[in-house]
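Participant: Compute the structure for the input listed below.
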Amino acid sequence: MKITHEPLNDDEFVITVQVEEVDHKRELAKKLSQRKKDIQVKGFRPGKAPTSVVRRMYGTSVLVDVVNELQDSALDRYLFRHRHFFLGGTSPVPTEPAPDWNVDKDFTFKYRVKRRPDFDCTLSKAIEVPYYRVDSIEPEVLEAAMKMYQENYSNQSTADKASVAGDWLYGTLYYAPLNYSVGFELHVSTLPENTREAFTGLKIQDTVVLDFAELAQSDAFILRGAKDDARKTLEEKGGSVKLTIEEISRDTPVPSNDPELFEKVWGEKFRDKESGTTVEELFKRKIEERLLSHFADTSSNIFQHLLRNTLIERAQIPLSDDWLNEWVKKRPSAKEEETGVDGHHDMHIRKLKWALVIDKIAQIHSIEATEEDVIEHLQAVKKISEQKAREWVELQKDKGSINSPYGVLVISVCEKKVNAFIKEKITIVDKVVSCQALEEMRQEHLSA
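Facilitator: Next comes the predicted model:
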């Protein structure tokens, strides 16, 4: 099988795929043999019709399938191997004369594909990208984290005093228009502030009358033992409901020096003789380690985001908005996305532009992901032996296309190598910031 590409104009290539008889002859015979077993021809026992009869009846349709499968697969592999030249999907070009499937033995197919645009990807120390990081955890952040763990593993007990904002209330809801009663549970702190006041200072058997719509605003308001549509019915009918308080439950935070809390959170027993410190001190030390690890990941993600934006902006990739909008709609996964294109439109375009930048730098500096790189990556990420990784690569590499498992992995490993190369060539400006400042940056740059 022969595949070539040549310029069609300043913006496109034409790819020519030639499938000759020698390419499809064996596969055609194999498919016809399989078809022979599955069909029944009048005058012959099932599966016993002569091959010549099967060929006459089904030869043309099977030939079409075989040739199309061969050329589709070969085209995918060709696009992957020469991906530095092409952009987007292909569109067929009618050939003259059109294939005569009943007569022709050799077939030629042509496809148009967009040429990758040229743009500047020069790297230098003049390019500065800030790396924001946290080098220590402020005491108030540490205390807040400690309090969160204490509250998450708090002990729940029945309160004999008036209710407060952090309590759970249990009781009976009564809706007079339907003469309907049902149990309820409610966490006071989840209510809107103006409604919350009505549920503080309550004792057992106290009642509260209010509009059901106010209760419905709480995610932690539950009708207990009610039919699935009960809440919806009450919301639709509206009006006042009467709540009778029958139980008040209160969370009591676990003390920070409780060895059981330490074991629940960290999955290990506290051994004072081995640690040489108190439960609380070791607990806070572990929290600090966890927070520093979390903020380190956040710093890395923010830096990568800023790096992408900087290089994309500098590249000024010459792609029109019309072409980009059309590309977003025609992506292979676009049809599978329930939310459609609109919600992630800009994100898809940024991903495409970043892929173009990575590819361009890889091409200029001869950076590629070798089989050995892929094997190393598989061993590290999948935690498998070298032999298993080599077996997988041998099995998958000939199926390489942009969307195949092997193709996706090659592109990912190559991007990792290019990223490391970029960091060596630019200036990374180290900036120490507070935990709160880094969290605000995360929300600004990564929350979309």
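
Participant: what about Ser73, neighbour count?
Facilitator: 14 (other CB atoms under 10 Å). Where C-beta positions appear, they are placed from N, C-alpha and C, glycine not excepted.

Participant: Please apply the same query to the one 10 residues further on.
Facilitator: The tally of other residues near Arg83 (other CB under 10 Å) stands at 18.

Participant: so the closest residue to it other than its chain neighbours, which of the three states?
Facilitator: Distances taken as CB to CB, 6 or more residues apart in numbering put Ile402 closest to Arg83, at 6.4 Å, once the chain neighbours are dropped. Following DSSP: H, G, I helix; E, B strand; the rest coil, we place Ile402 in the coil state.

Participant: now the strands for this protein?
Facilitator: 2-7, 12-19, 86-93, 107-115, 128-133, 155-158, 168-175, 180-187, 207-211, 221-224, 240-252, 427-432 (DSSP state E).

Participant: Minimum distance to Pro259: which of the ones you listed has it?
Facilitator: strand 155-158 (14.8 Å; CB to CB).

Participant: Could you please name the strands the closest one pairs with and the direction of each pair?
Facilitator: Its sheet considered, strand 155-158 pairs with strand 240-252 (antiparallel) by DSSP bridges.

Participant: Other residues contacting the partner strand?
Facilitator: 151, 154-159, 161, 163-164, 166-176, 184, 186, 202-212, 215, 234 (CB atoms under 8 Å, 6 or more residues apart in numbering).

Participant: cool, stretch 412-423 as well?
Facilitator: Contacts for stretch 412-423 (CB under 8 Å, 6+ apart): 123, 304, 307, 311, 358, 361-362, 365, 367-369, 373-374, 377.

Participant: Weed out the non-buried ones from these.
Facilitator: The neighbour-count criterion (16 or more other CB atoms under 10 Å) marks 123, 307, 311, 358, 361-362, 367, 369, 373-374, 377 among these as buried.

Participant: which residue ranges form the helices in the stretch 51-200 of the chain?
Facilitator: 51-81, 139-152, 193-196 (DSSP state H, counting those that start in this stretch).

Participant: quick one, which of those helices is nearest to Leu292?
Facilitator: Here helix 139-152 is closest among those (CB to CB), at 10.8 Å.

Participant: So which elements touch the closest one?
Facilitator: helix 259-266, helix 279-315 (3 or more CB pairs under 8 Å, 6 or more residues apart in numbering; DSSP states H and E).

Participant: buried set for the shortest one?
Facilitator: Going by neighbour count (16+ other CB under 10 Å), the buried part of helix 259-266 is 261-262, 265.

Participant: As CSV, the helices and strands packed on helix 139-152 with mean pLDDT would be great.
Facilitator: Below are these laid out as CSV (pLDDT from 0 to 100):
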stretch, mean pLDDT
helix 259-266, 90
helix 279-315, 96
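
Participant: Of the ones you listed, give the one that comes closest to His82.
Facilitator: Short answer: helix 279-315, nearest of these by CB to CB, at 21.2 Å.

Participant: need the contact list for Asp106.
Facilitator: Here Asp106 is in contact with 18-21 (CB under 8 Å, 6+ apart).

Participant: top of the residues you listed by neighbour count?
Facilitator: Top of the contacts of Asp106 by neighbour count (other CB under 10 Å): Val19, with 22 neighbours.

Participant: doesn't Phe109 make contact with it?
Facilitator: Yes. At 7.5 Å, Val19 counts as touching Phe109 under the criterion of CB atoms under 8 Å.

Participant: Mutual contacts of the two, please.
Facilitator: With CB under 8 Å, 6+ apart as the test, Val19 and Phe109 both reach Gln71.
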